[in-house]
Structure formats: structure tokens, C-alpha cells
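> fold the following for me, if possible:
(chains A, B and C)
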Amino acid sequence: MAKTSVKKLIEQLSKKKIGMYRKDFLLTWEKTPDELEATFIVADILRAMREQNVSPRIWDSGIAVSNFRDNSTRTRFSYASACDLLGLYVQDLDEGKSQIAHGETVRETANMISFLSEAIGIRDDMYLGEGDKYQREVAKSLDEGVAAGVLPDRPTVVNLQSDIDHPTQSMADILHLAHYFGGLDKLKGKKIAMTWAYSPSYGKPLSVPQGIIGLASRFGMHVSLAHPKGYDLIPDVVELSKKQAKKSGGSFEHVNSMDEAFKDADIVYPKSWAPYDVMQKRVPLLHAGDQAGLKDLEKQCLANNASFKDWECTEAKMKLTKAGKALYMHCLPADITDVSCKAGEVAASVFDRYRDDTYREASFKPYIIAAMILLGKREDPVATLKALWDRKTIREVL
Amino acid sequence: MAKTSVKKLIEQLSKKKIGMYRKDFLLTWEKTPDELEATFIVADILRAMREQNVSPRIWDSGIAVSNFRDNSTRTRFSYASACDLLGLYVQDLDEGKSQIAHGETVRETANMISFLSEAIGIRDDMYLGEGDKYQREVAKSLDEGVAAGVLPDRPTVVNLQSDIDHPTQSMADILHLAHYFGGLDKLKGKKIAMTWAYSPSYGKPLSVPQGIIGLASRFGMHVSLAHPKGYDLIPDVVELSKKQAKKSGGSFEHVNSMDEAFKDADIVYPKSWAPYDVMQKRVPLLHAGDQAGLKDLEKQCLANNASFKDWECTEAKMKLTKAGKALYMHCLPADITDVSCKAGEVAASVFDRYRDDTYREASFKPYIIAAMILLGKREDPVATLKALWDRKTIREVL
Amino acid sequence: MAKTSVKKLIEQLSKKKIGMYRKDFLLTWEKTPDELEATFIVADILRAMREQNVSPRIWDSGIAVSNFRDNSTRTRFSYASACDLLGLYVQDLDEGKSQIAHGETVRETANMISFLSEAIGIRDDMYLGEGDKYQREVAKSLDEGVAAGVLPDRPTVVNLQSDIDHPTQSMADILHLAHYFGGLDKLKGKKIAMTWAYSPSYGKPLSVPQGIIGLASRFGMHVSLAHPKGYDLIPDVVELSKKQAKKSGGSFEHVNSMDEAFKDADIVYPKSWAPYDVMQKRVPLLHAGDQAGLKDLEKQCLANNASFKDWECTEAKMKLTKAGKALYMHCLPADITDVSCKAGEVAASVFDRYRDDTYREASFKPYIIAAMILLGKREDPVATLKALWDRKTIREVL
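Take a look at the predicted model:
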């Protein structure tokens, strides 16, 4: 394989208008097309540098705060890998899962952990209506800390999954598509089916499907959102995706049938999520730590899910897609029928065929996160990347 | 703002007589005035280097052990930031909170974790009469390990809060004062009120007020210690502070009224702590894991606290201070009336006015810790700092 | 003490035939004599470099996964120290202690954590018949990930203790012996007594004694394995040790008496482990999380143990060894009579005399682990070590 030309990528980057310095990466729809592309390019640059044994380490020291209010293995490793690649030491902030800090506590903690910090990654996806708010509260506190001269510099906040968006996932997904189809411009006109799928679990956040429709609709794609009745996403995000699809020269349809969504699709993304009202009802129960109430809600939800067991990505369904060969995507782990459960999101034979693709999809995440951090922290990212490339510090001694 | 001259600070440092090499930082009163000043200067140097984008990284590899026998966010981050700044990787030693290791176990563990370690930070503040002892047991084990040729070098032990002292807090506090008033020498003659304050919580350690009176009394300050009856500190520490105050040309008064302490004070430090006998009674209960007993003791203690709700740092009380403008200090988090609780240590309007000051106060802690480690590990710290400054390794690629 | 010559050691290494690149270190008996020696030499080189203040850091960035399915302080610190020495950032993979992942989950997780990883250390010693299997499943998944182009490089798996072997312990132990007796070749003809010893605890894994007999039998030693009836090791490992002993010019005896094993021994390794059938019975109970069943089994086991309280390494027993001066070894922590328990594995006076030796024994572990990683990751380790030595990056600024 030919080596990716880092120089060419840096040149491409230099043509983008980027205003991400001292900003955060919370929702993809807050970023301009140029900024999204810049993030993809920087991710590709960092990956190419590492592959060519040139260390893209920016910091000789510095802290990256890791704040996971929900369990995670994959995103945690992606974040740690990204930070380490740039030279940051990851320090966990563990506030306890059930207590959500507010007001004074957020302001104070945000400052206390940031004296020598460069980045703050936050996962807060369990509480509908709160995750994004919390991230903004942290961001505002940091702004105040910088303004007051308390903080020497503004750490950049990276949304590692909120109740609204999951940008490190959706950006990695789109970058994967760009590589798969041979360029970001190749996505124009492609049909992507973001559909609900059955799973014997409950309480899965809405942020993955929201993130996908909110981002795919920026690239001229034909977005088809499908789910059973009751499994709605946040209405604002659906509205916004519609408008974005139109503006970017694509389209947006919202249907209640997996088959309809799969029809002639170039890409399918079948994935379970919780009913909207369940996510709403969970919030007060989670706050109250009401285990019995949560158990009850789970029961209802699972019973409800069970009515839609036919929402499974089977071989028959795959046949409906373009030439029967749509690219299957998943953020992993998938609920695979007869493998991880009796009946799940996807048939084993379908998953088997696309396993390596889903792994490749995931492999972009560390670089996407590193790119987000770099762009939030560097006023002139082109100059920084040039300096790193010219410096040629070897990543590993061979 | 003019850049701090690192060269001048190093010159200042070179005039101090320092004997901290291969020693630990456990109690400030075990250090000479020159050593205290050296610690402040090194903290300022490390901060200035970082601000001027020169990496003060000493180690290309090395472990810093983090041993927290009590919960902590702030000190944990300060310690991690300090260690990372110097190039050390922080590895947690988690022995379980209820079991206090002794004898053979301490000796063995101290050696086992130290083969490639440079620093050991220990927080052990819950058990009156034991925290400092434990730290000394670790230190002694390390000495033996070095003597036996088992350890290649002596890691330095940093007290991150014991039952007796909290030197990383008090040293950061005094450095904050030095910057606030324009020099360490400006503290001479200033009145500082270290007073108890009401809080609806219990079991807060005595080490902060002890640390403050034990250190402020070294700089010619007029120290006023105030608390309700029964809220005594360790008598030896009070005695020692009296003597030190006299020797340094300051004074020490011990009163039972917040008003009296606040009168004409330049600095006020209103903060809750537990009654002395409660701290004593807690020890066997904690060892026994007697939850019911602890609950009972808590009840008594809170009822007792409630008699002293008027010990609150209100606007009225602040008016008693010098020109009504004393500097308010707190180690954070403060119990703020009507914000974090119904009635607390400080009125919201007072805290609001000084919030940024308390954040700035906290910002010195990482540098103080880094300075303590550096001075414990370098025989000729002046030479090391000169080498780091001349080397001019950039901390972050711009 | 004269400095160890790094150059001479590298020269020695260059004469070994090594095929460890892109392989794992799971069982010592899967390695050739040259590979075992190479591991010792590299460990000595890394130690010497560090002692001479030359940083053996290979990576400017990179992740080392730490997967402990059992508690650990010592091995955890050894692993962290080793990884940090080479420049890797340790990221914990915590899957929960009771759930053992299989199949799809292992395959997926192994890939998800490895995109930027160089090493994966796994401790999985509680489940007889499963630990080694799990490690191989991870290894196979990594091979597939590399073959599919999903992973940019093959992380090396290091067994930090399985149900079968504990190679980082046994290799450190043998390296300790080599240094103690003046060379690996001096082990030929020495008698080592690997014997069971009484302990008031239960469920200790079999992997330490198995690791010792499986490795000591490679160097022409006279291995004496002793334990009471019922405390058998995995039969295959005993068989293999017998064969190896013969092949290497040593011998192997299997006895039921501590005295017999100690007789004329040059080295004694008295250590408790669980009865074979207890280890087997524990597996389903652990999987079921059956606390009552485990408690019951513990009771039986402790009662059984109690019949063999005379299996203690006393002064009288030490007198039976060669000139009464055998070297006492232990992987630590030891159960010391009248110190850590009423009756244990070793008399206090014996342990006292050899304490520093056991600490020295442990001190080799970080370097052994680092050597295993280096040899699994470098195709031409001689070239790498030469480059590191010639580079002369200082480890700590003096």
C-alpha cells in the first residue's frame, strides 16, 4: 500500500476555514462543513504520522481528564489512546455514578481539575435532558476560569457521548465511510438506513442514532430513519436533520419499517435504542436510585421490545439493499442472534461477513478524538502539524 | 504581565541552605525557614517554566505512587499534575480503606512498590494518632531498603494530608498569600484568623487548621486561633505554634470567639472541623467497621455542631476585619449557606466575592507538590533547574 | 561495585537465536533455552541502562493494557514500572471479576483495545482450566486482527499469572538465582526444594509451584517437589518437568515430606497452595457466584490444611539443607508464624534472615516483564538495544 502523504493532507487542511480554537466539540451540528472536514483530515494526518513512525506528540506533559458517568471500555480506550498519542496523561475524575453535580460544585470542580489540563472528555448519556447541559456547564465554568485568570489556558471539552449526540462515534463512522467509498465527496447520493433493531436489553441511549442522522445529513446523503412506533428520537434532532439533508443536497425520510429503510440502501446501521418515554421516565428513577422502579420499567420496556423481534438485520433484509451488498455498520458491541443472545439486532452470518468492517470502523475513533483535542487547542493547527512532521521524532525505536 | 524571571529565581534559590535531599516532606515544622522558602521558590520556578513553555520534566520514566486512604479529587489531581509535570507516571496503591497495614506488611509493600519509584504520596487523615505514624513507617522501610541495597534510590514521601499536618495545602496557602501581598516578607505583622466555622457535616480532619497555625506562625504573623469549646486541636501543635510565633516575631492568641479572631484580621480562614474527642472516638469505630457506632457518633456531633450555627463567615463578620477587607481563604469545598447547604461556613455573598481568590489559592498546590518532590530527590536542585532551563525543551508544540 | 557492561551484554545477546517476535510469553516451556537466556540478558541490560541513567524508552507513545482478573499489588506495580520504563501508558481493562468473557466478546474486546497498543498483560489465575485458555483466545484474536488489517501491529501478550504458569515470577526467581550464585551456568547441579507449606488461607493458585518446577528443570537443577497428599499440581506440568530435568542433565523427585525435600537443598521455596480438587471445585462456584458454597469449601480446605501445620520452614528444617545455609525464596507475601498469622509457612527468624533476599528476588520482576515485552515487539532486539544505548537519552536530569 502506498504511504499516505502527510504533506498533501496538511496542504488540504490549510485550505479549510477553521474556528475551533478554544472551543469544545459537543455536537457535530455546531461545526461548519469546513470544521468537520478539518477534523477528518487531522485524524488522517495523525494516523498517517503514527503509521510512518513519526510521533505526533504535542505535549511533553499535561493532563487529560476522563469523566465517565457511564460504563465504557471502547470509548475509554479510544480516549486514552488519543491522549497518550498527543502526550497527555489521563486522570480519571470519578464523581460516583448516581450523583450529578450541579452549580457551585461543577464550577469548582471544573476549575480544580484544570490547572494543568489540556482536555476534558465527558461521557454522560444516561440522563435524557441532562448530559449535554452538564457538558455546557463545565465549558462555561472553564471560560470563567480563564477570564478570571485562574486557569492558564482553556482545556477543550470533548463530548464522549451525551444524551443528544455521540460525535466521536458518528465522526469515526463517517470517516470510515469516506475511506470505504474512496472519499468524503463519494458519500453524496448514497442512501444510509439508520434503523432501530430488536435487542433483549433496555435503556440504550438515543445518542448514536441521533448522532448518525445529525451528521450523515450534512454530506448530501439520503438518510432513512426507521423505528417502531414509540421509539422516537429527540424531535429537535430529527427536525434539524431534515433541514440539513435538504441543504446539503440529500434527503431525509422517516419511516416505520425496517424493510423500507433497507430498500436500495448503500449503508445500513441497525441498532437498538430505548423508547423515548422510557428514557424520560428513567431520569427521576435514576436520580432517586429507585432500583425497584427501574426494574419495573425494564420489564415493561423488554416486553415492549419483544413485539418487534422481526426488526433484525437478517440475510433476507440485506437482500433488499443495493445489489444486496450494503455496508453494515455498528458501534459495537452488537447483539448477535444465537451468539450473544437468542434473538438480537443482527443475524450471525451477516455480522460475520462484516465483522472486520465494524472493527475498522471503530479504529478511527482514537484518531478522531485526538483530532478534536488538537483542533480545540491549537490556534494554527497547520503550523503545529508541520512542526511535528518536520521534527520527525520517532514513535518507536526499531 | 511581565514574565517571571526564572534566572533570578534560580539565583535566589542558590542562596538558600537546603538539606532536603533523600528526606521526606511530612510536617512543615520539621523544615528550616530556608527550606520552606526554597520550596516556595522552586514552586514558582516550575510554574514560570511551564508558563513560558519550557518543560521542567526531570524524568524520562519513573513511577509516582499514589496512596489515598481517604477520598479526594482535588489533591489527587494536584498530585497527578505535579508528577506528570516532572515526568512521573502515577500508579495507585489501593489497600482498601478500612484496613490499615502495619509492620511487616508496610515494610514489604513499601519496598515492593519502590523498585522504579521516585515519589510516594500518602493521604491518611481519618485516624487520629495514626496517619503520621504510618507515613514514618513507610519512610523508615524505604531507608532500610536503600541501606540493604534492595532499592536503587530513595523515593521521597510526600504527606498529602495526615492526622497532624496538611503541608501541601498550607504551603500552597502561604505561597498564595505571598503572591497576594507582594512577597513572603510582607506577611510579617499580618493578622490571620484561623477559626472554626459551622457545617452540617462531621468528621472533618484537624490537619488543615493545624497545618495553617503551624506554618503561619513561622513568618512573623499574628495568628489567632478561634473555636468553640470542645473543638480543640492536637495540644502539641498549638503549643509549638505559640513558640514559633514568638520566635518569628509574631504572636499567637487562642480564643473562643469568631468575632474576636476576625477583629482587624488581614486574612480569615473560617473552616469546620470535628471536635477533638469525636476524632478520638472515631478511631476504634473505624477500625471495627462499626457503622452503627459511627452513625451514633455522627448524630451527637451534628447536634453539638448545631449549637454553633452563628460561627458563620457573614458580611457582618467580615466588617470586623481590617477595613472590612480581609482576604477570605478556604481549602475548598466550602459549605456555603443557601448554596451547598441551608446553613454553613460562609455566606454566599462573601464566598462569591472571593471565589476566584480561593481558586487561585488552590492553583499553587500542584507546583508545591512538584517542588517537594524535586527537593527530596535532587542533591543539587540549583544545578538541576539550571539544566532544565538551559535545555529549553518545549512543553507544547505551538 | 563495577558497572555492568551494557556493551558486553548486548554482545552476549547477539549470539542467541531468538524467535520471539510477534509471539507471546505465556508458558516458559514454550520457549527455547536461547530464548529464556535472551530474556534474562535483556532484563539485565535494561536494569543496567537504568542504573547508568540511560533511558531504555522505546516508545514515545503507546498503550499497555493491564487486565487483572484477580487482585494484585506487586505484579501490578511491576507491570506498570516495566511499561513506563519502555514508554508505554498503562490502561486498565476491568471486565468485572466474576464474568469471564468468551468467544465473540473476547475477539471483539481484544481488537477494540489494541488499535494503539503494544502490550497486553493478563492475570487470570483463579479458574483452573481457564486462565491459559483465555490468554490464548486473546492472542488468537490479535492474530486475526493483524491478518485482517484491522490492527496496525501485533501487541504482545504477557502472562502475568495463569492457572498453569507464572512466568514473570519464575523468570525473576531464576534470574535472582543466577545473580546469587554467580551465573546461570552455576545452577547446574544445585538442588531446589519446591515444597508446600502450611497457611491459614485457602485458594492460593498452583501456578507458582508449577512455574518453578517447569522452569528450574530447564537448567540442570535437581528439583525436589514436596507436598502432602491431595495437594497435587496439574499432572501434565509435573510430567513435563520430569522430562525437562532429565534432558537438561538434572533430576526430578516427587516426595511427600518437607524434610526429604529440604535435605541438602541449595535452595528452598516453601509456599502454600490449594488442594487440586479444591481448585477444581471452586471453578463452578466462582462462576455461579455461590458465596455460601465458596465459604463451605473454604472451611473444608482450612480444616484439611490444619492437618499439615508441621509443614513450616523452621530453623530445624533449615538445618537439614546444605550446610544449613540454603537460600530461602518466596514470591511474597509470606505467611510468617507469629507475625502475619499464628502459624504459617515460615518461622519469623528464618524469614528475617532472608528478608532482603526475597526483596531482591522481587526486584527482578519489572525488568523481566520489560524484557518479555521488548522481545515480543522487536524483530531485531540487538539493533534496538544498541540504538538505545548509543542514543544515551538521560533517564533523570541530575
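> mind splitting chain A into its structural domains?
A:6-165+A:365-391, A:169-362 (automatic domain parsing).
> is any part of the first one close to chain B?
Just to be clear, that refers to domain A:6-165+A:365-391. Yes: Domain A:6-165+A:365-391 lies within reach of chain B by CB under 8 Å from any CB of the partner chain, at A:58-63, A:89, A:91, A:93, A:95, A:103-105, A:108-109, A:111-113, A:115-118, A:145, A:148-150, A:152, A:378, A:380, A:383-384, A:387-388, A:391. For glycine as for every other residue, the C-beta is placed from the backbone atoms N, C-alpha and C.
> most packed of the domains of chain A?
Greatest average neighbour count among these goes to domain A:6-165+A:365-391 (a mean of 21), per mean count of other CB atoms under 10 Å in any protein chain shown.
> which of the residues of domain A:6-165+A:365-391 next to chain B fall in helices?
Using DSSP state H, the subset of the residues of domain A:6-165+A:365-391 next to chain B located in helices is A:103-105, A:108-109, A:111-112, A:145, A:383-384, A:387-388, A:391.
> could I get those as JSON lines with pLDDT?
Shown next, in JSON lines, are those (pLDDT from 0 to 100):
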{"residue": "A:Gly103", "pLDDT": "77"}
{"residue": "A:Glu104", "pLDDT": "82"}
{"residue": "A:Thr105", "pLDDT": "89"}
{"residue": "A:Glu108", "pLDDT": "95"}
{"residue": "A:Thr109", "pLDDT": "94"}
{"residue": "A:Asn111", "pLDDT": "97"}
{"residue": "A:Met112", "pLDDT": "96"}
{"residue": "A:Gly145", "pLDDT": "98"}
{"residue": "A:Ala383", "pLDDT": "98"}
{"residue": "A:Thr384", "pLDDT": "98"}
{"residue": "A:Ala387", "pLDDT": "98"}
{"residue": "A:Leu388", "pLDDT": "98"}
{"residue": "A:Arg391", "pLDDT": "97"}
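> up against chain C, what does the stretch 201-350 of chain A have?
Checking the stretch 201-350 of chain A against chain C by CB under 8 Å from any CB, the hits are A:Leu332, A:Pro333, A:Ile336, A:Val339, A:Ser340.
> farthest-separated two in the residues you listed?
For those, the maximum inter-member distance is 13.0 Å, found between A:Leu332 and A:Val339 (CB to CB).
> can you give me the strands for chain A?
A:63-68, A:89-92, A:117-124, A:156-162, A:191-196, A:222-226, A:251-255, A:267-271, A:327-328 (DSSP state E).
> on the pLDDT front, check the spatially closest residue to A:Phe181 that is not a sequence neighbour for me.
Among residues not flanking A:Phe181 along the chain, A:Leu187 sits closest, at 6.4 Å (CB to CB, 6 or more residues apart in numbering or on different chains). A:Leu187 is assigned 98 on the pLDDT scale.
> give me every residue that touches A:Leu187.
A:Leu187 is in contact with A:Ile174, A:Leu177, A:Ala178, A:Phe181, A:Ala216, A:Phe219, A:Gly220, A:Met221, counting by CB atoms under 8 Å, 6 or more residues apart in numbering or on different chains.
> give me the pLDDT value at the nearest residue to A:Met112 once chain neighbours are set aside.
Nearest in space to A:Met112, with sequence neighbours left out and distances taken as CB to CB, 6+ apart, is B:Arg74 at 4.9 Å. pLDDT, the model's per-residue confidence, is 89 for B:Arg74.
> so how far is B:Met329 from B:Arg74?
As defined by CB to CB, to the nearest Å, B:Arg74 lies at a distance of 15 Å from B:Met329.
> with just CA atoms, put stretch A:262-270 into PDB.
Presented in PDB, the C-alpha positions along stretch A:262-270 are these (Å, rounded to 0.1, in the frame of the first residue of the first chain):
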ATOM      1  CA  PHE A 262     -33.200  -1.100   3.800                       C
ATOM      2  CA  LYS A 263     -34.500  -0.800   0.300                       C
ATOM      3  CA  ASP A 264     -31.700   0.100  -2.000                       C
ATOM      4  CA  ALA A 265     -29.600   1.300   0.900                       C
ATOM      5  CA  ASP A 266     -25.800   1.600   0.400                       C
ATOM      6  CA  ILE A 267     -25.300   1.500   4.100                       C
ATOM      7  CA  VAL A 268     -27.300   0.000   6.900                       C
ATOM      8  CA  TYR A 269     -26.900   0.800  10.600                       C
ATOM      9  CA  PRO A 270     -29.400  -1.400  12.500                       C
END
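> related to what we said a few turns ago, quick check, nearest of the ones in helices among the residues of domain A:6-165+A:365-391 next to chain B to A:Met49?
Of these, the one sitting nearest to A:Met49 (CB to CB) turns out to be A:Leu388, at 6.9 Å.
> export the strands of chain A as a markdown table, with columns for mean pLDDT.
A markdown table is the format used below for the strands of chain A (pLDDT from 0 to 100):
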| stretch | mean pLDDT |
| --- | --- |
| strand A:63-68 | 95 |
| strand A:89-92 | 96 |
| strand A:117-124 | 96 |
| strand A:156-162 | 98 |
| strand A:191-196 | 98 |
| strand A:222-226 | 98 |
| strand A:251-255 | 98 |
| strand A:267-271 | 98 |
| strand A:327-328 | 98 |
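> quick one: which of those is nearest B:Val238?
strand A:89-92 (36.7 Å).
> which helices and strands does that closest one pack with?
In terms of contacts (3 or more CB pairs under 8 Å, 6 or more residues apart in numbering or on different chains; DSSP states H and E), strand A:89-92 is packed against strand A:63-68, helix A:74-86, helix B:74-86, strand B:89-92, strand C:89-92.
> what's that strand in contact with?
In contact with strand A:89-92 (CB under 8 Å, 6+ apart) are residues A:61-68, A:79-80, A:83-84, A:113, B:76-77, B:80-81, B:84, B:89-90, C:89, C:91.
> repeat that for stretch A:243-253.
A:29, A:188-189, A:213-214, A:217-225, A:241-242.
> convert stretch A:346-366 to CSV, retaining C-alpha atoms only.
The C-alpha coordinates for stretch A:346-366 follow below in CSV (Å, rounded to 0.1, in the frame of the first residue of the first chain):
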residue,chain,number,x,y,z
VAL,A,346,-28.3,-8.9,13.6
ALA,A,347,-28.0,-12.4,12.2
ALA,A,348,-24.8,-14.2,12.9
SER,A,349,-24.0,-14.8,9.2
VAL,A,350,-24.5,-11.1,8.4
PHE,A,351,-22.3,-10.0,11.3
ASP,A,352,-19.6,-12.5,10.4
ARG,A,353,-19.3,-11.0,6.9
TYR,A,354,-18.9,-7.5,8.2
ARG,A,355,-17.0,-8.1,11.4
ASP,A,356,-13.7,-6.7,10.1
ASP,A,357,-15.5,-3.7,8.7
THR,A,358,-17.0,-2.9,12.1
TYR,A,359,-13.6,-3.3,13.7
ARG,A,360,-12.1,-0.9,11.0
GLU,A,361,-15.0,1.5,11.7
ALA,A,362,-14.0,1.5,15.4
SER,A,363,-10.3,2.0,14.6
PHE,A,364,-10.9,5.6,13.5
LYS,A,365,-12.2,6.7,16.9
PRO,A,366,-8.9,7.3,18.7
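> how far does that stretch sit from its chain's centre?
The chain centroid and the centroid of stretch A:346-366 are separated by 16 Å, computed with CA atoms, centre = their mean, to the nearest Å.
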